[in-house]
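*Asks:* sequence? don't have it. structure:
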């Protein structure tokens, strides 16, 4: 039993290191890195995405996300609800894995709160992440058997750039008949309407795709956000997370 537990721990550490290193290669926005990270697996080759609209102008907002994450400590009732870091890979406290969450700085910054509400969820978040990254992430998770038996996937992406129909179709093909929950982002960025329209059309044409209408829940609620009008504060994240929880219960 001890040997098996040790093997599981080693496999989890290797998976975490692979995901974090791989994800960093796929990002368009430079984010702080920990120079002391001991494991640096070879990153899978990624095609250039320099033409993706939204990537260059996000650098200031991504830095603001890190600053705002520090503010979250003053609001969160529990300090471990907040993570002031550029990425997170978090295994569930309760096994087996019941859901996989893939997101950006919103998931990363409030990963402790997500883990509290969804104790059987696997969380993978990174500041500046774009939707296109989900293809490589899902491939690694599948190869490591993390997706095995998991029927629910929550995607909190679309804030940092356009979501192409091709990437959406590719991900849905990879995910198969799993229940996919897309969190519709709300942000003052030029591609917001395109992302929202694609999510709406995807849900209409795929019975296994469901929407978390964060865009509607947060409309006319500036008090849900920090100053950048993108990243939710403690009040806002409670609304988002509880909406996700309600949708999962109804599934």
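*Replies:* Perfect, thanks for sending it. What you see is a predicted model; the values in this text were computed from it and never measured. Numbers count the residues shown, from 1 in each chain.
*Asks:* from residue 75, how far off is the closest residue to residue 184 other than its chain neighbours?
*Replies:* In this structure, residue 184 finds its nearest non-sequential neighbour in residue 215, 4.6 Å apart by C-beta to C-beta, 6 or more residues apart in numbering. To be clear about C-beta, it is placed using only N, CA and C from the backbone, and glycine gets the same treatment. Distance of residue 215 to residue 75, given as C-beta to C-beta, to the nearest Å: 22 Å.
*Asks:* other SSEs contacting the helix or strand in which the residue nearest to residue 184 is found?
*Replies:* Assigned by DSSP states H and E, residue 215 falls within helix 214-217. With contacts defined as 3 or more C-beta pairs under 8 Å, 6 or more residues apart in numbering; DSSP states H and E, helix 214-217 has these neighbours: helix 234-250.
*Asks:* same question for the helix it packs on: list its buried residues.
*Replies:* Residues 234, 236-237, 240-241, 243-244, 247-248 are the ones in helix 234-250 that count as buried (16 or more other C-beta atoms under 10 Å).
*Asks:* from the contact counts, what lies against it?
*Replies:* helix 59-75, helix 111-117, strand 152-156, strand 179-183, strand 209-212, helix 214-217.
*Asks:* chain center to that helix, what's the gap?
*Replies:* The chain centre lies 15 Å from the centre of helix 234-250; the measure is C-alpha atoms, centre = their mean, to the nearest Å.
*Asks:* now do the helix holding residue 215, average pLDDT.
*Replies:* The average of the pLDDT scores along helix 214-217 is 98.
*Asks:* roughly how far is that helix from the heart of the chain?
*Replies:* On C-alpha atoms, centre = their mean, the centre of helix 214-217 falls 17 Å from the chain's centre.
*Asks:* let the chain start at 566 from now.
*Replies:* Let's use 566 as the start, then, which means that last one is helix 779-782.
*Asks:* who's in contact with that helix?
*Replies:* Residues from elsewhere that reach helix 779-782 (C-beta atoms under 8 Å, 6 or more residues apart in numbering): 748-751, 761, 804-805, 808.
*Asks:* how about the residue nearest the centre of the chain, what does it touch?
*Replies:* Centroid check for the chain by C-alpha atoms, centre = their mean gives residue 668 as the closest residue, at 0.7 Å. Taking C-beta under 8 Å, 6+ apart, we find residue 668 in contact with 688-690, 694, 719-722, 748.
*Asks:* ok, and the most crowded of those residues?
*Replies:* Within the contacts of residue 668, neighbour counts (other C-beta atoms under 10 Å) peak at residue 694, which reaches 30 neighbours.
*Asks:* ok, it touching residue 653?
*Replies:* No: distance between residue 694 and residue 653: 11.1 Å, which falls outside the contact criterion (C-beta atoms under 8 Å).
*Asks:* picking up where we left off before, neighbour count winner among residue 780 and residue 640?
*Replies:* Between residue 780 and residue 640, residue 780 has the larger neighbour count (other C-beta under 10 Å), namely 18 against 13.
*Asks:* just the pLDDT at residue 738, thanks.
*Replies:* In this model, residue 738 carries a pLDDT of 98.
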